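Peer 1: Next input, structure requested:
(one chain, ligands or ions: 1)
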Amino acid sequence: MSDTQMTFRQFLLKDYRTGGLDKDLVFLLEDIATACRIISNHVRDGAFKETLGVAGSTNIQGEDQKQLDVIANDEFVEHCSNCSRVAALVSEEVDEVDWLKDKPVAGDYIVYFDPLDGSSNLGVNLSVGSIFSIVQIKEAIDATDDSSVLIAGSEQICAGYSIYGPSTALVITTGHGVNGFTHQQGTGEFRLTYRDMTIPATTKEFAINASRYRLWDAPIRAYFDECIAGVEGSRGENSNMRWTASMVADIHRILVRGGVFLYPEDEGNRATGGKLRLMYEANPMGMLVEQAGGAASTGTQRIMDIQPTSHHQRVPVIMGSKDEVARIDAFHNA
Ligand code: P6P
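Peer 2: Predicted coordinates:
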C-alpha cells in the first residue's frame with residue numbers, strides 16, 4: 001500500500017503496533033478526527049444553515065462568539081468526552097476548566113483546544129481551523145484546582161490542527177515528526193498526503209499584521225524594516241509577506257514551504273501579554289513547528305519552556321524556519 005493510500009487509522013495503528021502509541025490515545029485521536037470532519041461539514045454548510053453569524057454571546061477572551069465557535073466547541077467536548085482517560089478539557093471558548101473526572105490519575109489526558117480559530121474569516125469564506133494539544137499527566141492531580149492544568153508545552157505528547165480550506169486537512173505530531181492527512185470526499189477518510197513535513201531552515205517569507213507597525217517594539221520594527229528594505233538592505237535579498245488572519249492557515253503554509261509567523265507583544269496588547277494564547281495556540285503550534293525542524297520563541301525564550309500562570313494566558317509568538325527565528329531572537333538580544 002502506498003503512503004498516500006494510508007488512512008489516519010492505519011497510520012495510528014502502525015505506531016500503536018510498534019508500541020509508539022497507547023490504544024487510548026489512538027481512540028482519542030480518532031474521535032478528534034471525527035469532530036474535525038463534522039466541524040468541516042458545519043463550516044461548508046454554514047451559509048445554508050445560516051450559522052456563519054454571531055451567536056449573540058461573548059467568550060472569556062471578550063470576543064463576540066460566532067455560532068460556529070459554539071458548535072465547534074460542542075463537537076470537541078462531545079467527542080473528547082468519549083475517552084475515559086480524558087480528565088479535563090481546556091477550551092478557548094470556555095472560561096472554566098471542564099473537569100471530566102473527580103480524581104484524575106497518572107496516565108490520564110488533558111486536552112487543550114481552540115475549536116475554531118480564525119472564525120472572523122468565516123463570513124468572507126477564508127480558511128479557518130481547529131487546534132488541539134494533549135498532555136498526559138504523570139501523577140494524580142487535584143480536579144478542584146484549575147491550576148492543575150497549568151503544564152508546560154514541553155510536556156505535550158501530541159499536538160495537531162485541522163484546516164478547513166479548499167480541502168480539509170488534519171496535521172498531527174505525537175513527538176516523532178509531523179504528518180498530514182487530507183479528507184477525501186466520498187470515503188470520508190483522512191488519507192496521508194503530507195509525509196514527514198519539514199520546515200526549511202531559511203526563508204524569504206514572513207507573516208505579520210503590518211498594520212500594527214506603530215505599536216511594535218524596536219526589535220520587531222528592525223526585523224520588519226530589514227525585510228522590506230529588500231535587496232538594497234542588509235539582507236541583500238527581497239522578502240515576501242503573507243497574512244491570513246488565521247494562525248492555522250499561516251502555520252500550515254509554513255509547514256508546507258517554510259516561512260516565519262510573528263504575533264509579537266506590542267503597545268496595543270502588552271496589558272494582556274500578547275494576542276495569541278499559550279495553552280491551545282502557541283504550545284501546540286510550537287510543538288508541530290519544532291517537530292518539523294523549525295523553532296518557536298517569544299523573542300526571548302522557547303515557547304514550550306514557559307511555565308503557564310493561567311490557562312487562558314497570552315504570549316508573544318515567533319515561529320517557523322529555524323534560522324529566521326534565530327535572526328529575530330538576535331534582534332531582541334542586541
Ligand atoms: P489579527 C484569529 O483570531 C487569531 O487568533 C489567529 O488565528 C490569527 O493569526 C490572529 O488572531 C489574527 O489577528 O490582528 O489579524 O486580527
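Peer 1: how about the residues of the stretch 101-250 of the chain near the ligand?
Peer 2: With CB under 6 Å from any ligand atom as the criterion, the stretch 101-250 of the chain meets the ligand at residues Asp117, Gly118, Ser120, Asn209, Ala245, Ser246, Met247. To be clear about C-beta, it is placed using only N, CA and C from the backbone, and glycine gets the same treatment.
Peer 1: Residue of the stretch 101-250 of the chain closest to the ligand, please.
Peer 2: Using CB to the nearest ligand atom, the closest approach of the stretch 101-250 of the chain to the ligand is made by Met247 at 3.4 Å.
Peer 1: thinking that residue is in contact with Tyr280, fair?
Peer 2: No - counting by CB atoms under 8 Å, Met247 does not reach Tyr280; the two are 10.7 Å apart.
Peer 1: shared neighbours, those two?
Peer 2: Ile131 (CB atoms under 8 Å, 6 or more residues apart in numbering).
Peer 1: Mark which of the residues of the stretch 101-250 of the chain next to the ligand are part of strands, please.
Peer 2: Asp117 (DSSP state E).
Peer 1: Farthest-apart pair in the residues of the stretch 101-250 of the chain next to the ligand, please.
Peer 2: Maximum pairwise distance among these (CB to CB): 15.0 Å, between Asp117 and Asn209.
Peer 1: Which one's more surrounded, those two?
Peer 2: Asp117 (29 against 15; other CB atoms under 10 Å).
Peer 1: Ignoring the adjacent residues along the chain, who's closest to Glu96?
Peer 2: Asp146 (6.8 Å; CB to CB, 6 or more residues apart in numbering).
Peer 1: what bits of the chain have low per-residue confidence?
Peer 2: 1-4 (pLDDT under 70).
Peer 1: same thing but at 80, please
Peer 2: Across the chain, the ranges flagged by pLDDT under 80 are 1-4, 19, 50, 52-53, 58-63.
Peer 1: the helices in it, which residues?
Peer 2: With helices called from DSSP state H, the chain shows them at 8-17, 23-49, 67-80, 218-229, 247-257, 283-291, 322-332.
Peer 1: Need the winner for burial among the ones you listed.
Peer 2: Most buried of those by mean neighbour count (mean count of other CB atoms under 10 Å) is helix 283-291; its value is a mean of 27.
Peer 1: what separates it from the chain centre, distance-wise?
Peer 2: Relative to its chain's centre, helix 283-291 lies at 8 Å (CA atoms, centre = their mean, to the nearest Å).
Peer 1: Show the end-to-end separation of stretch 91-103, please.
Peer 2: Counting by CA to CA, to the nearest Å, you get 20 Å between the two ends of stretch 91-103.
Peer 1: So for it, what gets flagged as buried?
Peer 2: Applying a neighbour-count criterion of 16 or more other CB atoms under 10 Å, one finds Ser91, Glu92, Glu93, Val94, Val97, Trp99, Leu100 buried in stretch 91-103.
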